[in-house]
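The following block contains a protein sequence and its predicted model.
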Amino acid sequence: MFRYVARSAAGKNLLRRGYATESAPDRKVAVLGAAGGIGQPLALLMKLNPLVSRLALYDIANTPGVAADVSHVNTRSEVTGYVGEDQLGQALEGCDVVIIPAGVPRKPGMTRDDLFNINAGIVKGLCAAIAKYCPNALVNMISNPVNSTVPIAAEVFKKAGTYDEKKLFGVTTLDVVRAKTFYAGKAKVNVADVNVPVVGGHAGITILPLFSQATPKANLPEDDIKALTKRTQDGGTEVVEAKAGKGSATLSMAYAGAIFADACLKGLNGVPNVVECSFVQSTVTELPFFASKVRLGKNGVEEVLGLGPLSDYEKEGLEKLKPELKASIEKGINFANQI
Ligand SMILES: NC(=O)C1=CN([C@@H]2O[C@H](COP(=O)(O)OP(=O)(O)OC[C@H]3O[C@@H](n4cnc5c(N)ncnc54)[C@H](O)[C@@H]3O)[C@@H](O)[C@H]2O)C=CC1
Ligand SMILES: O=C([O-])CC(=O)C(=O)O
């Protein structure tokens with residue numbers, strides 16, 4: 001375990017002095033996979049978040065350097081690096097939010113499901129440790145394929161007797177981030193004003209942006225909506241191809257992961273009306289997990305919001321995505337339950 005807390009000559013803890021946000025409650029956040037492409041910038045962004053008081057950075061390698069580096073940033077949280085399975089329990093103990101970007105990323109030509117064989121086992125192991133060391137934490141699952149890793153996590157928690165459907169989230173915020181950016185460009189509106197819900201799941205056609213509900217309204221022609229939908233669905237592949245074998249989205253994902261974790265922390269702290277899209281246990285459709293708008297509160301999910309009115313094109317997209325999403329969910333459940 002590596003703890004990096006700046007101390008004055010008198011031994012006073014400098015990182016805990018003089019910040020206006022110190023009245024915010026103590027909140028411990030862990031990043032599992034913190035030395036990776038997403039993990040490093042995400043660690044930095046969480047270090048910048050004044051709602052975090054303790055930041056635990058865990059990976060199977062290279063966390064001491066990342067933790068030392070991030071710990072020098074003069075913000076509220078105390079940073080501790082943990083490396084290797086022996087230190088996973090300490091990293092998790094007392095956590096309010098656990099963010100999981102651990103696992104392998106895609107290379108060109110791969111689907112997210114091609115990552116299943118490696119990442120399913122990684123997620124299963126990490127979730128077993130969460131059940132043991134911080135069963136009440138909100139879990140933000142980034143590792144792909146999210147459509148399967150979230151159901152795996154749910155099964156692991158059920159087996160451990162700790163499952164609370166209000167506390168498990170598949171992070172689909174990057175789909176929303178992309179939909180907002182692409183819509184703003186096409187509609188020529190200020191991107192900061194844009195809202196677009198994205199529902200379904202987090203792979204290919206299971207990603208369903210609801211541009212009919214986008215604000216500010218722009219009345220874009222149907223062809224533009226179709227092109228925006230396709231670009232949002234293929235956003236991850238666009239990055240994978242541009243990186244040409246060096247991985248998938250990391251910087252935009254860290255940004256998206258930081259937005260979602262911040263929303264979770266605000267909900268825990270009692271900030272009213274915090275709403276983000278996320279892949280959660282759901283009764284919005286007949287599928288057991290589904291991404292939609294979710295209101296976050298003191299216990300995690302406060303309310304899973306419905307889809308709202310859909311255009312005919314979106315209704316068609318919704319029916320088309322269901323078989324693939326159902327199969328990915330079942331694949332995760334079956335994996336977690338095999339002996
Ligand atoms: N939900 C989403 O929107 C997105 C998800 N992803 C997914 O996030 C995952 C990570 O991507 P990158 O950071 O680019 O990969 P990366 O390979 O750069 O980093 C992954 C990190 O996980 C660590 N790791 C591996 N096994 C571990 C274990 N058992 N415990 C803790 N750490 C472990 C590795 O040591 C490495 O540092 C991938 O599965 C990728 O597909 C990526 C972008 C967007
Ligand atoms: O496409 C990938 O493999 C990574 C990812 O999930 C995304 O960027 O949306």
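On my side now, so go ahead. All of these numbers come straight from a predicted model, not from anything done at the bench. Ligands and ions are numbered 1, 2, ... in the order given.

The stretch 201-339 of the chain against ligand 2: which residues are in contact?
Proximity of the stretch 201-339 of the chain to ligand 2 (CB under 6 Å from any ligand atom) is limited to residues 235-237, 239-240, 248-249. Placement of C-beta: from N, CA and C, glycine included.

again, 5 Å this time
Counting by CB under 5 Å from any ligand atom, the positions of the stretch 201-339 of the chain adjacent to ligand 2 are 236, 248-249.

Can you classify Phe182 as helix, strand or coil?
helix (DSSP: H, G, I helix; E, B strand; the rest coil).

ditto for Val31
strand.

ok, now which ones touch the residue of the chain found nearest ligand 1?
Nearest residue of the chain to ligand 1: Gly36, at 2.1 Å (CB to the nearest ligand atom). Neighbour list for Gly36: 59, 101-102, 250 [criterion: CB atoms under 8 Å, 6 or more residues apart in numbering].

In those, which residue is surrounded by the most others?
The most crowded member of the contacts of Gly36, judged by other CB atoms under 10 Å, is Pro101 (27 neighbours).

tell me the pLDDT at that residue?
With respect to pLDDT, Pro101 has a value of 98.

Can you list which of the contacts of Gly36 are found in strands?
Asp59 (DSSP state E).

Which of the contacts of Gly36 sits closest to ligand 2?
Of the contacts of Gly36, the one sitting nearest to ligand 2 (CB to the nearest ligand atom) turns out to be Thr250, at 8.8 Å.

Which parts of stretch 116-133 count as buried, going by neighbours?
Across stretch 116-133, burial judged by 16 or more other CB atoms under 10 Å covers 116, 119-120, 122-124, 126-131, 133.

Throw the residues you listed into a markdown table and include secondary structure, pLDDT and distance to Leu51, thanks.
Formatted as a markdown table, the buried residues of stretch 116-133 follow (DSSP: H, G, I helix; E, B strand; the rest coil; pLDDT from 0 to 100; distance: CB to CB, whole Å):
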| residue | secondary structure | pLDDT | distance to Leu51 |
| --- | --- | --- | --- |
| Phe116 | helix | 98 | 33 |
| Asn119 | helix | 98 | 28 |
| Ala120 | helix | 98 | 31 |
| Ile122 | helix | 98 | 27 |
| Val123 | helix | 98 | 26 |
| Lys124 | helix | 98 | 29 |
| Leu126 | helix | 98 | 23 |
| Cys127 | helix | 98 | 24 |
| Ala128 | helix | 98 | 28 |
| Ala129 | helix | 98 | 24 |
| Ile130 | helix | 99 | 20 |
| Ala131 | helix | 98 | 25 |
| Tyr133 | helix | 98 | 22 |
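
Looking at these, which is nearest Val271?
Nearest to Val271 among the buried residues of stretch 116-133, counting by CB to CB, is Ile130 at 24.3 Å.

quick one: the closest one and Glu316, what's the gap?
38 Å (CB to CB, to the nearest Å).

beta partners for the residue nearest to Asp164 when sequence neighbours are not counted?
Nearest residue to Asp164, sequence neighbours excluded (CB to CB, 6 or more residues apart in numbering): Gly300, at 7.1 Å. Counting by DSSP bridges, Gly300 forms beta bridges with Gly297.

Report the contact partners of Gly300.
Listed by CB under 8 Å, 6+ apart, the contact partners of Gly300 are 138, 164, 166-167, 169, 264, 267-268.

Show me which positions of the helix or strand that contains Leu318 end up buried.
Following DSSP states H and E, the helix or strand that holds Leu318 is helix 312-337. Buried residues in helix 312-337, counting neighbours by 16+ other CB under 10 Å, are found at 314, 317-318, 321-322, 324-326, 328-329, 331-333, 335-336.

Would you state the helices of the stretch 151-300 of the chain in chain order?
Secondary structure of the stretch 151-300 of the chain (DSSP state H, counting those that start in this stretch): helices at 173-187, 222-233, 235-243, 251-268.
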